[in-house]
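1. Mind folding the following:
(chains A, B and C)
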Amino acid sequence: MPHPPSARRVALRAAPGARRRIDYASQLNREQLEAVMHPGGPMLVLAGAGSGKTRTLVYRVARLLEDGVSPTEVLLLTFTNRAAREMLERVGKLLGQDASRVMGGTFHSVGNRLLRRWAEQIGYRPNYGILDREDARDLMGAALADVVPTPPARRLPGAAQLVELYSLCINTGRSLAEVVPARFPQFASDTDTIAEVFRRYLERKRAANLMDYDDLLLNWLLLLRRHADTRRALQARFAHILVDEYQDTNRLQADIVDTMVGERRNLVVVGDDAQSIYAFRGAEFANILSFPERYPDCATFRLESNYRSLPPILDLANASISHNKRQFPKNLRALREGGELPVVCAAPSPEDQAAFVASHILELIDEDIPLAELAVLYRSHSHSLEIEVELARRNIPYEVRSGLRFFEQRHVKDVLAHLRFVANPADEVAFTRMARLRPRLGQRLVARLWERLRASGDALYAMLNLDPAGTGLPAGAAHSAGELAQLVGRLERMRTRPGEMVREVVGSWYREYVRATLDNAASRLDDLEQLALFADGYEEVSAFLDEVTLMNELSGEDVAAVEGEKQKVTLSTVHQAKGLEWRVVFVVWLAESRFPSARAEDVEEERRLFYVACTRAKDTLLLCYPFAARDRYRVDVILEPSRFLSELPGHLYQRWQVEATQTSPALPVEGRYALPGFLTDDDGEVN
DNA sequence: AGAGTGGGCCTTTTT
DNA sequence: GGCCCACTCT
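-> Now for the predicted structure:
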C-alpha cells in the first residue's frame, strides 16, 4: 500500500520485521491490519459500529510499543476513563507486560494531570479544586446574585442555564453574541448582563482556586498557546497521540489535539459520524468530516465489516440512518449470518410495556441467556421507572447505569465538601456547602463568615484558630462555627489518610445529621462506608478528590469493588450505552415526543441516537413503545409511534402486540381511536 | 434579620 | 428531587 511521503518521516526504533510476540495478521482483518501497521503520520480511521474500532486501537498501541516506542510517549484519549483503562489492560495482556505507563483517559482527566504540574504557568496554585456541574451551578448562582441582587420582573436565565450557556461558548469557541440567539433567543436582549455574570463567575473561580470541567480543557490549550517551552516539552514527550470517538470532540478538544501533535504529527483519530450524539454539548462532527482538510496528507482507513450484529439488525439500523442527509456515505457489512427480524412491539401502557420486557426477559433466562447479556435502553432517565418497578417485582436483578451517579449524590457530596476545603482552603463552594449543613448557619451568615476568613488571607489558618465569640455571629450560629472549626482541625491532620477523613466526618456528626434529616438513612450510611473504603486506596486527599470528580462513571457497585461477572440486566440511557454491546437489546419508549424527544433541537442527532441504540444489539433487537401514557399533568394521552419506526419499510421488522394487563390503567381501547396504521394490515387486523 | 419548613411546579442527553 | 415562594419560628 503506498504511503504519503510524510509517513516516511517516522522513525521506528526497532527494525521493521523485528521478532514480534503478536501475530497481527492472524488476529486482525485486512482493514484493521492496515490501520495497525501504518507507520505513522496523520491517520483517519472511519470505523462503523461494531467494526472492531477498539480492537484496532488496542493493537496499534501494542504494535507501537513492540516497535520500541516508550509507553510514556503514547497518549490515548478516550470518551470515558474506563474505556482507556480497559484498552490499556488489553494492550498489557497482548504484550505480556504492563502498559499502564501509557497516559490514557478522557480529555478532562488528562488535562487535569498536566495542569496539576503546570498550574502556576496559567495563574493557578497546584492544589486547585475541580467543580462538577452542580458546584459550577452554585458558583454561577453566587455570581448571578452579585450582578442582579434583586431579580427583575423580566425573566433572566437561571444559574443552571447560565452554566450551560457558558459551557457551550467555551467548548465551541463561539461568543455570547453567536450562541445566545441560537440557543436561548428569549435572552437575546440580556447579553450584556450575562457577560457581566460570566466575568463575576471567572473572578470567583480564580479567587477560590477552582476549575470547572471546561477549564480543564481551556487552560490546557492556553498552557500550550502561551508557553512555548511547555508546548515543546509536551510535543516532544507525546510522540504518538490516538483519539477515540473523534466524532464527539468539540472545537476546543480538536484545537488541543492539533496543538499537541507537533511537527511529527503522529495522530490517529478514530470515529464514526453516524454515531455523533453529543452536539448538544458542543461536539462538532464537522471535526471528523474536515479532518482530511486540516491534514491533507492523512491516510484514511475504513473499517466496514461489522462483527457484532446479525444481518437483520444491521439492515434495520442502516435503513434508519439513511434518512439522515448530513453524513459520510458508508457501506457497513454484516459478517455474521442468520438471525430473526427485529421485533416492534406496541403496548397499551407504559406498565404493559414494562410487563412485556420483564416477561420476555424471564423467557430469555429460561433459554440460558446470561442476565449480563441483556440491556434495556431509553432516551431519558425517567423512562426507566416502570421497568425498574416491574423487574423488582419479579425479582430480576438489574443495574441502572443512568441517573444520579454515586459521587453526585447529596450525602456523598456533603462529606466530600469537608475534604475539598482542607485540600484547597480557598474553595468557597466547598466551605459554603459544608458550613450550611450546621444548625443556625444559613446562606447569609455563612457568606459573612466566609468573608471574614477570606479577608484574613489564609482561610484554613483562620478557621483553625477561630474564636466563635469573636465572629460577630448570633450565639447559635457561632456555636456551630466553633464545632466546625474543631472538625476541620482534626481533618487537617489526616490529609494523607482520606479514608480516615471520611470516617471522621461521618462518625463525629454527619451520621446523626443523616438520620435526622435525610430519608433512606441506612443506605446512605452504607454508601459512606463504601466511600471510606474506596478512599483508603489513596495516600493523599487531593488525589482521591480528583478521582471522584473525574471518574464519574464509577457507580456505587464499582466502589464496592464487586468483581466477577455481574449477573444483572443493564438499564441505561442510549448516551451511556455508547461503545457497549449485548446479545439482546430492548429499546423502550419509542414514541413521538419521547424518542425523538419533544425538546430535541436536531432530529438527525436523535436518529443517530436511535442508530447507536440499535447497533448495540448482537443477536436480538426489540423495539417497544406504549401507545398511551400519562403526561406530566397525569392526563392520559395517546402516543404516536416514533417516526424512527414508522419511516422504516415494514419488511425489516416483525410486529408484536401486547395485551393490556388487568393492572394497567383503564384505557379507551374500544373504537375511540385506531391502532397506529403501521401496526395493522389493510383490513385493520393486527399482524 | 435571617433560619427553617411546607406546598406547588417542572424535569433530555453529560465529561 | 430541585427550585421558588410564602409563611412561621428564633
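
2. Next one: residue A:209 from residue A:127, what distance?
-> Distance of residue A:209 to residue A:127, computed by Cβ to Cβ, to the nearest Å: 7 Å. C-beta: built from backbone N, CA, C; applies to glycine.

3. any common contacting residues for these two?
-> In the contact map built from Cβ atoms under 8 Å, 6 or more residues apart in numbering, the residues linked to both residue A:209 and residue A:127 are residue A:424.

4. Quick check, residue A:601 in contact with residue A:280.
-> Yes. Residue A:601 sits in contact with residue A:280 when judged by Cβ atoms under 8 Å, with a separation of 7.2 Å.

5. Counting neighbours, go ahead and name the busier of the two.
-> When residue A:601 and residue A:280 are compared for neighbours, residue A:280 comes out ahead with 15 against 11, by other Cβ atoms under 10 Å.

6. just to revisit the earlier point, so for residue A:209 and residue A:127, which sits in the more crowded spot?
-> Neighbour count, other Cβ under 10 Å: between residue A:209 and residue A:127, residue A:209 has more, with 19 against 16.

7. Angles on the backbone of the more buried one, please.
-> With angles defined as degrees, to the nearest 10, residue A:209 sits at phi 50, psi 50.

8. in terms of contact, does it touch residue A:427 like I think?
-> Yes. Under the criterion of Cβ under 8 Å, residue A:209 makes contact with residue A:427 at 6.9 Å.

9. who touches both of the two?
-> Any residue near both residue A:209 and residue A:427 by Cβ under 8 Å, 6+ apart counts here, and that gives residue A:129.

10. and the longest strand along chain A, what's its mean pLDDT?
-> Assignment by DSSP state E gives strand A:617-626 as the longest strand of chain A. Mean pLDDT, strand A:617-626: 96.

11. what's the offset of stretch A:61-72 from the middle of its chain?
-> Taking the mean of its C-alpha atoms, stretch A:61-72 sits 29 Å from the chain's own mean (Cα atoms, centre = their mean, to the nearest Å).

12. in it, what's buried?
-> A:61-67, A:69, A:71 (16 or more other Cβ atoms under 10 Å).

13. Of these, which belong to helices?
-> Those of the buried residues of stretch A:61-72 mapping onto helices are A:61-66, per DSSP state H.

14. Could you single out the nearest of the residues you listed to DNA strand C?
-> Of all these, DNA strand C sits closest to residue A:61, with 40.6 Å by Cβ to the nearest atom of the strand.

15. Now do the contacts for that closest one.
-> Residue A:61 touches A:74, A:76, A:87-88, A:91, A:99, A:102, A:242, counting by Cβ under 8 Å, 6+ apart.

16. Not counting sequence-adjacent ones, nearest residue to residue A:515?
-> residue A:521 (4.7 Å; Cβ to Cβ, 6 or more residues apart in numbering).

17. Assess the claim that that neighbour and residue A:513 are in contact.
-> No. Assessed by Cβ under 8 Å, residue A:521 is found out of contact with residue A:513, at 9.6 Å.

18. isn't there a strand covering residue A:632?
-> No. Going by DSSP: H, G, I helix; E, B strand; the rest coil, the assignment for residue A:632 is coil, not a strand.

19. Mean pLDDT per helix and strand in chain A: which one sits at the bottom?
-> helix A:556-559 (a mean of 46; mean pLDDT, DSSP states H and E).

20. Now do the strands in the stretch 301-450 of chain A.
-> A:305-306, A:333-334, A:343-347, A:374-378, A:398-400 (DSSP state E, counting those that start in this stretch).

21. Mind checking those strands for the one nearest to DNA strand B?
-> Closest among the strands of the stretch 301-450 of chain A, using Cβ to the nearest atom of the strand: strand A:374-378, at 8.7 Å.

22. roughly how far out does the closest one sit from the chain middle?
-> On Cα atoms, centre = their mean, the centre of strand A:374-378 falls 17 Å from the chain's centre.

23. quick one, what contacts the nearest residue to residue A:542 once chain neighbours are set aside?
-> Spatial nearest neighbour of residue A:542, chain neighbours left out: residue A:423 (4.6 Å); criterion: Cβ to Cβ, 6+ apart. Neighbour list for residue A:423: A:127, A:129, A:495, A:541-542, A:545 [criterion: Cβ under 8 Å, 6+ apart].

24. what's the burial count for residue A:599?
-> 8.

25. Look up phi and psi at it.
-> phi -90, psi 0.
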